[in-house]
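A.B. asks: Sequence and predicted structure are below.
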Amino acid sequence: MGQRTILCYGDSNTHGTMPMDTLDNMGRFGRTERWPGVLASELGAGFHVIEEGLPGRTTVHPDPVLGVHKNGLAVLPAVLESHAPVDLVVLMLGTNDLKHRFQLPPVEIAESAAQLVLAIRHCDAGPAGQAPEVLLVCPPPVLEAGCLEEIFEGGAGKSRRLAKFYASTAERLGVGFFDAGKVIVSSELDGVHFDAEQHARLGRAIADAVRG
């Protein structure tokens, strides 16, 4: 068997954005520090890990402040085709859907994630023209803190209810599920992003899930 390809499709936490002390301070962890890099290191030479993380990316919503290109569903087919054949998509989106501007309940965020899963399941970007496998990851809860507090106003409580809806979505659609909130926490600095240790933990945990 040749090298297997894993596509990590997500937002700023897949991109590796550092916890922010101001809205202008957009640092990024190094390639080996970001959780997809940790995942690649853990899995070894038999796997090719592609990180496709866009800060601000939502599940299915154009962002009226940050731009229409933040719509994760709109971009996904092109990403899948450009990296085909893809064996597995690790899908972690939904955090940005918690922003106050979108006013979405957790059940609708999970249903939006389902649209991404269905897009993957119905594509031919996997091996031999089949669909890739999917691991749906529920992001950890947000905290409403620091410079992002007002942007995510009301999001903390919603985020704590996301996992049960994501788990139900994964079961209904017959894909893998992983609750990131069981192994990592968001930074207290901005309430949304992960520090380096949390990236390492998540990368190792996703590697275990992929092996399983």
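C.D. replies: Arrived safely. Numbering: from 1, shown residues only.

A.B. asks: Tell me what the most centrally placed residue in the chain is bridged to.
C.D. replies: When the chain is reduced to its mean C-alpha position, the closest residue under CA atoms, centre = their mean turns out to be residue 92, at 2.0 Å. On DSSP bridges, the residues paired with residue 92 through beta bridges are residue 10.

A.B. asks: What separation do you get for it and residue 38?
C.D. replies: Per CB to CB, to the nearest Å, residue 92 is found 14 Å from residue 38. C-beta coordinates here come from the backbone N, C-alpha and C atoms, glycine included.

A.B. asks: Tell me where the protein is predicted with low confidence.
C.D. replies: Along the chain, the model assigns pLDDT under 70 to residues 1.

A.B. asks: Would you agree the residue nearest to the centre of the chain is in contact with residue 8?
C.D. replies: Yes. Checked against CB atoms under 8 Å, the pair residue 92 and residue 8 is within contact range at 7.5 Å.

A.B. asks: mind checking the SS state of residue 26?
C.D. replies: In the three-state summary, residue 26 is assigned as coil, counting by DSSP: H, G, I helix; E, B strand; the rest coil.

A.B. asks: who's in contact with it?
C.D. replies: In this structure, residue 26 makes contact with 17-18, 20, 55, judged by CB atoms under 8 Å, 6 or more residues apart in numbering.

A.B. asks: thought residue 83 was touching residue 8?
C.D. replies: No. Here residue 83 lies out of contact with residue 8, judged by CB under 8 Å, at a distance of 10.8 Å.
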